[in-house]
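> fold the following.
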Amino acid sequence: MSKRETIEQLLGTRRSKKIQETVNTSIQKPVNKKKATFDFDDQFHTELKIFAAKHNKKMVDIVVEAVDEYMRRHKNIPPVE
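Okay, here's the model as predicted:
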């Protein structure tokens, strides 16, 4: 018997294969998204991070919303869903 099996037997916590498969399949990249990298100066990055924290949002969500609003205002396009 392996060390792992011995420990699981002692703890009474045998993992089922189905549970392990569920855990493994939940770690996936978002569908239909592309990664973009931007360089912000230190002060702007800090302000954005504080703003996001105060509004309980992710920094990326604020940037996407701001860019979407800018594009709609300047190009008259429908909002991104």
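> could you use CA atoms for every contact and neighbour count after this?
OK.
> can you tell me the helix or strand for Lys34?
Here Lys34, judged by DSSP states H and E, is contained in no helix and no strand.
> number of residues surrounding it?
Using other CA atoms under 10 Å, Lys34 has 6 neighbouring residues.
> from Ile62, how far out is it?
16 Å (CA to CA, to the nearest Å).
> worst-scoring helix or strand of this structure, pLDDT-wise?
helix 17-25 (a mean of 53; mean pLDDT, DSSP states H and E).
> and Tyr70, what pLDDT?
In this prediction, Tyr70 carries a pLDDT score of 89.
> could you pull out the buried residues of the helix or strand hosting it?
For Tyr70, the enclosing helix or strand under DSSP H and E is helix 59-75. Of the residues in helix 59-75, Met59, Ile62, Asp68, Glu69 count as buried by neighbour count, 16 or more other CA atoms under 10 Å.
> so where's the chain uncertain?
The model of the chain has pLDDT under 70 over residues 13-30, 76-79, 81.
> and Lys33, backbone torsions?
phi -130, psi 150 (degrees, to the nearest 10).
> can you count the residues close to it?
When neighbours are counted by other CA under 10 Å, Lys33 comes out with 7.
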